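*Asks:* using only what follows, build the 3D model:
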Amino acid sequence: RAPATTGEPRMSSTEDQLAALTASVEALQKQNDDLEESLRLFYLLIMGMAVLLMQAGFSYLEAGTVRQSNAKSILLKNFGDAFMGALIWWLWGFGVSHTGASGAQYGQFAFNWDNSNGNAIAFFHSFAFAVTSATIVSGGVAERMQLHAYLIYTCVMLGAIYPTLACWCWASSGFIYREGYLDFAGSGVVHLTGGIGALIGAIFLGPRYGRFREKEVNGGFYRE
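*Replies:* Predicted structure coming up:
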């Protein structure tokens, strides 16, 4: 008759198998998390490229609505939006919109480049939305604003107005975000901000020359 066993080797083998299974589950979970993060960053990158491509659409639209003599000017303004916008957003806007408007947070991204957690892709994605907000105004003030004045406006828009609103509405520290504000595809933060800027600019500058027919009556002019 075979001698009875104590059962300790079987218990040890079971524990080893359980430890190996736990390690496998943890490895699979890590792979799943990495895949999810990669897909998230890929989506942000592709969507950022699609939004930035709107700059070409804005250029075609605005060049087709102005006189031929001003076509180059409006195209240059759209290019200036992207160029100046990227610089201002890197130096100032990104840090404000993502970390809040508190002390040393201003402009920290320019001097402390940190690409952990895909910050570079997040920067590109948010820049595409920011420059879209600024470009909306170019159509509202077409043929009525000089280039240097428009570039100054771009710096103010992307360095102060838009990042502050983005922080309020999208950052977890924003007071509007904490109130439960939900923005769909930038309809408020991007398009409403740009639309209001275009409206104010159009009010201050008035209509384009020759936009309305004018008649002289008693030494003055009025528009038909």
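
*Asks:* just the CA trace of the helix or strand in which C167 is found, in CSV.
*Replies:* C167 belongs to helix 162-170 when assigned by DSSP states H and E. Presented in CSV, the C-alpha positions along helix 162-170 are these (Å, rounded to 0.1, in the frame of the first residue of the first chain):
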residue,chain,number,x,y,z
TYR,A,162,-9.9,81.6,-26.1
PRO,A,163,-7.6,79.8,-23.6
THR,A,164,-9.4,81.5,-20.7
LEU,A,165,-12.8,80.3,-22.0
ALA,A,166,-11.4,76.9,-22.8
CYS,A,167,-10.1,76.6,-19.2
TRP,A,168,-13.5,77.7,-17.7
CYS,A,169,-15.5,75.3,-19.9
TRP,A,170,-13.3,72.3,-20.5
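
*Asks:* list the helices and strands the next helix or strand after that helix packs on?
*Replies:* Later in the chain than helix 162-170, the nearest helix or strand by DSSP H and E is helix 175-178. Packed against helix 175-178 by the contact rule (3 or more Cβ pairs under 8 Å, 6 or more residues apart in numbering; DSSP states H and E) you find helix 162-170. (Each C-beta comes from the backbone N, C-alpha and C, glycine too.)

*Asks:* which outside residues touch the helix it packs on?
*Replies:* Applying Cβ atoms under 8 Å, 6 or more residues apart in numbering, the external contacts of helix 162-170 come out as 89, 92-94, 96-98, 100-101, 126, 130, 133-134, 173-177, 181, 183, 188-189, 193.

*Asks:* which positions within whichever strand or helix holds T135 qualify as buried?
*Replies:* Using DSSP H and E, T135 sits in helix 119-140. Under the neighbour-count criterion of 16 or more other Cβ atoms under 10 Å, helix 119-140 has 121-140 buried.

*Asks:* ranges for the helices of the protein?
*Replies:* Counting by DSSP state H, one finds helices in the chain at the ranges 8-52, 54-63, 71-88, 94-99, 108-111, 119-140, 147-156, 162-170, 175-178, 193-205.

*Asks:* how far does stretch 195-212 sit from the chain's center?
*Replies:* 26 Å (Cα atoms, centre = their mean, to the nearest Å).

*Asks:* could I get the CA-only coordinates of that stretch as PDB?
*Replies:* C-alpha atoms of stretch 195-212 as PDB (Å, rounded to 0.1, in the frame of the first residue of the first chain):
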ATOM      1  CA  GLY A 195     -18.600  84.200 -34.100                       C
ATOM      2  CA  ILE A 196     -19.000  86.800 -31.400                       C
ATOM      3  CA  GLY A 197     -15.500  88.100 -32.200                       C
ATOM      4  CA  ALA A 198     -16.400  88.400 -35.900                       C
ATOM      5  CA  LEU A 199     -19.700  90.200 -35.000                       C
ATOM      6  CA  ILE A 200     -17.900  92.700 -32.800                       C
ATOM      7  CA  GLY A 201     -15.300  93.300 -35.500                       C
ATOM      8  CA  ALA A 202     -17.900  93.800 -38.200                       C
ATOM      9  CA  ILE A 203     -19.800  96.300 -36.000                       C
ATOM     10  CA  PHE A 204     -16.700  98.300 -35.300                       C
ATOM     11  CA  LEU A 205     -15.400  98.300 -38.900                       C
ATOM     12  CA  GLY A 206     -18.700  98.500 -40.700                       C
ATOM     13  CA  PRO A 207     -19.500  97.100 -44.200                       C
ATOM     14  CA  ARG A 208     -16.900  96.600 -46.900                       C
ATOM     15  CA  TYR A 209     -16.500  99.400 -49.400                       C
ATOM     16  CA  GLY A 210     -18.900  99.000 -52.200                       C
ATOM     17  CA  ARG A 211     -20.900  96.300 -50.300                       C
ATOM     18  CA  PHE A 212     -24.000  98.600 -50.400                       C
END
